[in-house]
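>>> Generate coordinates for the sequence data below:
(chains A, B, C and D)
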Number of protein chains: 2
Amino acid sequence: MTSVPRNGNAYADTCPTRMVLDRIADKWAVLVLGLLGDGPVRFNQLRRQIEGISQKMLSQTLKSLERDGLVSRRAIATVPVTVEYSITPLGQTLSATVDNLRIWAETHMEQVTQSQQQYDAAAA
Amino acid sequence: MTSVPRNGNAYADTCPTRMVLDRIADKWAVLVLGLLGDGPVRFNQLRRQIEGISQKMLSQTLKSLERDGLVSRRAIATVPVTVEYSITPLGQTLSATVDNLRIWAETHMEQVTQSQQQYDAAAA
DNA sequence: AGCTGTGAAGAAGGCACCTTCTTGTAAGCT
DNA sequence: AGCTTACAAGAAGGTGCCTTCTTCACAGCT
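Numbering: from 1, shown residues only, chains lettered A, B, ... in the order given. This is a model prediction of the structure:
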């Protein structure tokens, strides 16, 4: 009998799903994948499009996503050398989900911040 | 002219969407909302169902989600007093999205960990 | 008095996230 | 030599995440 991929359980502490969830439930990962979903992007292009992220953090995030198999890296023989990042087929299966998370944040930002203000006022 | 809710932009550093995204792109938030999506749950029930979370962290996460307007809290006059948490209408609109994130992690856990192992082996 | 249960939070400490600074490599320009 | 560009990463330091421990309040039990 061939082995069948088994689903993990994110509610179980010892299951590696917890680590995977921690990896993808990350704002930088969501923002990077959101951009790569539209096509390959170079490092500095990503950096310009994601305001507030440091070069260090972007490099680190891309490395992690590459390690996860969600992103692929290709050095281009320009002068100086530039690097292009693309989403992988595995990353593509996550694309719509992370986009929905970001879109929800964008469309409900006012409601959330309003609720936070009301909560803080009631607590004061 | 009545004011129209404007969408945020998560790629802009100064936009509060970044903060909202940071709030919801969080493994504990995803796991808590995933359980509350099915109906009200008591604090200790949540604690038992989410393995590995400390009482401190669960309490803090629930307080943050309440402040965000995604969760509501109701004290019940039992002996001792127990507290029941429910998802709010606003939280309900996020429910499917966070479930999809968790389900993706559960169904792709093996592919991600395999990719991580291959990456680490190639780097060694 | 002690203990149990519930839920909340401060303190302490370790670890991770994150920025800034710096360095490294390489090629081209002044 | 200096500078620029691109990308990667170590060091340093600050902040935040997170656990553990402890305390608190309250009611009931021994």
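
>>> For the closest residue to DNA strand C within chain A, which non-adjacent residue is spatially closest?
Closest to DNA strand C within chain A is A:Met57: 3.1 Å, counting by C-beta to the nearest atom of the strand. To be clear about C-beta, it is placed using only N, CA and C from the backbone, and glycine gets the same treatment. Residue nearest to A:Met57 in three dimensions, not counting chain neighbours: A:Trp28, with 6.6 Å by C-beta to C-beta, 6 or more residues apart in numbering or on different chains.

>>> for DNA strand C, what are the nearby residues on chain A?
Chain A comes close to DNA strand C at residues A:26-28, A:52-57, A:60, A:79-80, as judged by C-beta under 7 Å from any atom of the strand.

>>> can we see that at 6 Å?
Chain A comes close to DNA strand C at residues A:28, A:52-54, A:56-57, A:79-80, as judged by C-beta under 6 Å from any atom of the strand.

>>> Can you lay out these as CSV showing neighbour count, pLDDT and secondary structure?
Below are the residues of chain A next to DNA strand C laid out as CSV (neighbours: other C-beta atoms under 10 Å in any protein chain shown; pLDDT from 0 to 100; DSSP: H, G, I helix; E, B strand; the rest coil):
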residue, neighbour count, pLDDT, secondary structure
A:Trp28, 20, 97, helix
A:Gly52, 13, 93, coil
A:Ile53, 20, 94, coil
A:Ser54, 9, 94, coil
A:Lys56, 8, 94, helix
A:Met57, 13, 95, helix
A:Val79, 5, 85, coil
A:Pro80, 4, 86, coil
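
>>> which of those come close to DNA strand D?
A:56, A:80.

>>> closest to chain B among the residues of chain A next to DNA strand C?
A:Gly52 (3.2 Å; C-beta to the nearest C-beta).

>>> Would you check that the closest one makes contact with B:Asp13?
Yes. Counting by C-beta atoms under 8 Å, A:Gly52 touches B:Asp13, with 3.2 Å between them.

>>> C-alpha coordinates for stretch A:89-99, PDB please?
Provided in PDB are the C-alpha atoms of stretch A:89-99 (Å, rounded to 0.1, in the frame of the first residue of the first chain):
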ATOM      1  CA  PRO A  89       4.200  25.900  -7.300                       C
ATOM      2  CA  LEU A  90       3.900  25.100  -3.500                       C
ATOM      3  CA  GLY A  91       3.900  28.800  -2.700                       C
ATOM      4  CA  GLN A  92       1.300  29.400  -5.400                       C
ATOM      5  CA  THR A  93      -1.100  27.100  -3.500                       C
ATOM      6  CA  LEU A  94      -0.800  29.500  -0.500                       C
ATOM      7  CA  SER A  95      -1.000  32.700  -2.500                       C
ATOM      8  CA  ALA A  96      -4.800  33.300  -2.400                       C
ATOM      9  CA  THR A  97      -4.900  32.600   1.300                       C
ATOM     10  CA  VAL A  98      -2.200  35.100   2.300                       C
ATOM     11  CA  ASP A  99      -3.700  37.600  -0.100                       C
END
